[in-house]
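1. Pasting a predicted model and its sequence here:
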Amino acid sequence: MTYSLSMGQRVEALDAVRGIAITLVVGVHYWPELLPAGGIGVDLFFVLSGYLIGGILLDSRGAPGFFSTFYLRRAVRILPLYWILLAFVMPHDMPWYLTFTQPVLWAIQGEFPAYSPLAVTWSLAIEEQFYLLLPLAVRFLPQRWLVRVLWLCVCTAPLVRWALSDAISLAWLMLPSRMDSLAGGVLLTCSIRGYARSSILWLTLACIPVLVEAGLKLAFPNWVMAPYSLMAFLCAAGVFAAVRMPRTRLTVLRPLAWLGIGAYSIFLFHMPVLTLCGSAWLAVPAIGILAWLSWHVVEAPLIGFARDRWRYGTRPDVRAIGRAAAV
């Protein structure tokens, strides 16, 4: 089964957002001197994941097979390419990578393997940890408490980063430290679905972690931490703009949308490809070819299999918004 924009199963604007995110991530690794702020692409991925995955879970909340369908489809989507990467690199601490706990290992060691082909997997590990917890919250918490817990995670994230930074040199690798992006994405999809009684109140709440972060930096000048709450806010605004964009096929978006479709394989393999090629200019076409092959040979067939084998149930009172863009 092929899976393309022409089938009407994807939202082109959200694929374009994913394309922007992967361009930033690759750019900061291939040409750090030209794109030093490209790390914001990871925050964009986090917000987009929270939005898309949160939407799927909210729309199927209470439906039969809620947990099994979600976890099985996520496993089919994430694990095959990830296992291929691990088999290719064969890390010494394999159990940590297999359980998506490598950020914990690096935090304990106090050293981030910046030039390792597996360095980028820290963000994938955080997302997988988030995927384990979010379905439980969506399924068992009443709507009001779900929203409250999500806002608590968003507003306290800068405080968590500040508190952890005294004990862990790599505090930014921990899931609680990045909840302003992930939980913020879920809140965005909650807002789109009408959960916000007051848009002004929600916008005010969204500003709180940004202000807290700014206050901490003023109060503790020696606290060295990127402005993750600000980046989460900006990324959420970008995703919101993409969601509200008219559903038309804008020619300017198509190259970015194509990149977005192949973003997962590009993300996983762009560092190993750079190591093999030895040059960023050679690695770019190589990773493009690899992403095309990965999509058509591995990813699209597996996505088609998972969709046919495990179908999400949908509550009759819910209308999915942008749900098809999550794969």
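-> On my side now, so go ahead.
2. Now tell me what touches stretch 148-155 from outside.
-> With contacts defined as Cβ atoms under 8 Å, 6 or more residues apart in numbering, stretch 148-155 is touched by 137, 141, 176, 179-180, 183-184, 186-187, 190, 205-206, 208-209, 212, 232. C-betas here are computed from N, CA, C, even on glycine.
3. Find the pair from those residues with maximum spatial separation.
-> Spatially, the most separated pair among those is Leu141 and Val212, at 24.1 Å (Cβ to Cβ).
4. which ones are touching Leu203?
-> By Cβ under 8 Å, 6+ apart, no residues touch Leu203.
5. can you tell me how far it sits from Tyr195?
-> Here the criterion is Cβ to Cβ, to the nearest Å. By it, Leu203 lies 14 Å from Tyr195.
6. Tell me the backbone dihedrals of the residue of the chain most remote from its centre, please.
-> Most distant from the centre of the chain: Ala219, at 30.8 Å, with distances by Cα atoms, centre = their mean. Here is the backbone geometry of Ala219 (degrees, to the nearest 10): phi -70, psi -30.
7. List only buried entries from the contacts of stretch 148-155.
-> 137, 176, 179-180, 183-184, 186-187, 190, 206, 208-209, 212, 232 (16 or more other Cβ atoms under 10 Å).
8. of those, the lowest pLDDT goes to which?
-> Among the buried ones among the contacts of stretch 148-155, Pro176 has the lowest pLDDT, at 93.
9. give me the number of residues near the nearest residue to Ala280 once chain neighbours are set aside?
-> In space, Ala280 comes closest to Tyr30 once its chain neighbours are excluded; the distance is 3.8 Å by Cβ to Cβ, 6 or more residues apart in numbering. Each residue near Tyr30 was counted by other Cβ atoms under 10 Å, and the total is 20.
10. how near is Ser49 to Val17?
-> Ser49 is 11 Å from Val17, by Cβ to Cβ.
11. can you give me the helices for the protein?
-> Along the chain, counting by DSSP state H, helices occupy 12-30, 40-59, 66-89, 94-98, 102-109, 121-140, 143-165, 179-192, 199-219, 228-244, 254-261, 263-277, 280-293, 300-309.
12. Redo those as CSV? Include distance to Trp172.
-> Putting the helices of the chain into CSV (distance: least, Cβ to Cβ, whole Å) gives the following:
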stretch, distance to Trp172
helix 12-30, 15
helix 40-59, 10
helix 66-89, 22
helix 94-98, 18
helix 102-109, 9
helix 121-140, 9
helix 143-165, 7
helix 179-192, 11
helix 199-219, 12
helix 228-244, 7
helix 254-261, 25
helix 263-277, 18
helix 280-293, 25
helix 300-309, 31
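13. Quick one: closest of these to Tyr115.
-> With Cβ to Cβ as the measure, helix 263-277 is the member of the helices of the chain nearest Tyr115 (8.5 Å).
14. sorry, back to before: pretty sure the residue nearest to Ala280 contacts Ala286?
-> No - with contact defined as Cβ atoms under 8 Å, Tyr30 does not count as touching Ala286 (11.7 Å).
15. So which of Ser49 and Val17 has more stuff around it?
-> Comparing Ser49 with Val17 by other Cβ under 10 Å, the one with more neighbours is Val17, at 28 against 23.
16. Now for the more buried one: which residues touch it?
-> 44, 48, 238-239, 242, 260 are the contacts of Val17 under Cβ under 8 Å, 6+ apart.
17. What about Thr101, how many residues nearby?
-> With neighbours defined by other Cβ under 10 Å, the count for Thr101 comes to 16.
18. How about the contacts made by it?
-> So Thr101 contacts Ala125 (Cβ under 8 Å, 6+ apart).
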